[in-house]
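# task: produce atomic coordinates for the following.
(one chain, ligands or ions: 1)
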Amino acid sequence: MINPKRTIEIGVYTGYSLLATALSTPPDAKITAIDPKAEWYEIGLPFIKRAGVEHKIDFIHSPALPVLDYLLLQEEKEGSFDFAFVDADKHNYGNYHDRLMKLVKVGGVIIYDNVLWGGTVANPDGDINLPADKKMITMMAIEFNRRIADDERVEICVAPVGDGLTICRRVS
Ligand SMILES: C[S@@+](CC[C@H](N)C(=O)[O-])C[C@H]1O[C@@H](n2cnc3c(N)ncnc32)[C@H](O)[C@@H]1O
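Below you'll find the model as predicted:
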């Protein structure tokens, strides 16, 4: 993918990945960055400003689903994004995928973070002593990974770096 000019980031926290996207996109790129915790974004904001890329970022202080639904109400937004990065509430990854498949253009890329969930997806009944909430995320990650692997509208590649990234290209 060359020159992603319109991108969406779901799950900003203090903005590590957001800054990476902002630094690696063209000067006129716009990033719609969504997170319900503005106070974390504000911690990273001085560094974003110092890097000279704040003008690219439209930070939306909200849970992501209603924002994506609002974007989809505007017909011109369909297929208008080149790239999306998802690193937020894991139980909504399927919901994000449904919406991003309309917002991101054919040929565009969506990356989902944490798809290996500490390796637990490979052995959900194994001896890693996970608390119930983490175990639930393991099961959600397995379900999401299966779903996306079966989705013929995308080509995917799982990069086993960090906590696992699924790089997903919309092909239809
Ligand atoms: C792992 S952190 C993101 C890290 C960030 N991508 C980075 O590289 O620094 C997860 C973030 O998802 C956000 N989050 C949780 N629920 C969300 C939701 N419903 N919509 C959007 N963001 C959400 C959290 O507030 C948190 O900032």
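# and the lowest-mean-pLDDT helix or strand in the chain, which residues are buried?
In the chain, no helix or strand scores lower on mean pLDDT, DSSP states H and E than helix 132-149, which sits at a mean of 93. Using 16 or more other Cβ atoms under 10 Å as the test for burial, helix 132-149 gives K135, I137, T138, M140, A141, I142, F144, N145, I148. For glycine as for every other residue, the C-beta is placed from the backbone atoms N, C-alpha and C.
# mind listing the helices for this protein?
16-24, 38-50, 64-73, 93-103, 132-149 (DSSP state H).
# distance between the ends of stretch 148-161?
Using Cα to Cα, to the nearest Å, the end-to-end distance of stretch 148-161 comes to 19 Å.
# when you give positions from now on, start the count at 684
Taking 684 as the first residue, the last one we looked at is stretch 831-844.
# mind checking the longest strand of this structure?
strand 787-796 (DSSP state E).
# buried residues in that strand, which are they?
Buried residues in strand 787-796 (16+ other Cβ under 10 Å): V787, G791, V792, I793, I794, Y795, D796.
# got the angle between it and helix 815-832?
Angle of strand 787-796 versus helix 815-832, following axes from the mean of the first three to the mean of the last three Cα atoms, to 10 degrees, is 150 degrees.
# for strand 787-796, what is the average pLDDT?
Strand 787-796 carries an average pLDDT of 98.
# and the chain, which residues reach the ligand?
By the rule Cβ under 6 Å from any ligand atom, the part of the chain lying against the ligand is 693-700, 717-720, 723, 746-747, 770-772.
# hmm, which of those residues are the buried ones?
The buried subset of the residues of the chain next to the ligand (16+ other Cβ under 10 Å) comprises I693, G694, V695, T697, G698, S700, I717, D718, A747, D770, A771, D772.
# tell me what the most centrally placed residue in the chain is bridged to.
In the chain, the centroid-proximal residue (Cα atoms, centre = their mean) is V769; its distance is 1.1 Å. Going by DSSP bridges, V769 is paired in beta bridges with I693, Y795.
# next up, the contacts around it.
V769 sits next to I693, G694, Y776, Y779, L783, I793, I794, Y795, D796 when contact means Cβ atoms under 8 Å, 6 or more residues apart in numbering.
# re earlier: and the least confident helix or strand of the chain with helix 776-786, angle?
Using the same axes, to 10 degrees: helix 815-832 against helix 776-786 is 30 degrees.
# I'd like to know which elements helix 815-832 is packed against.
In terms of contacts (3 or more Cβ pairs under 8 Å, 6 or more residues apart in numbering; DSSP states H and E), helix 815-832 is packed against helix 776-786, strand 837-842, strand 848-853.
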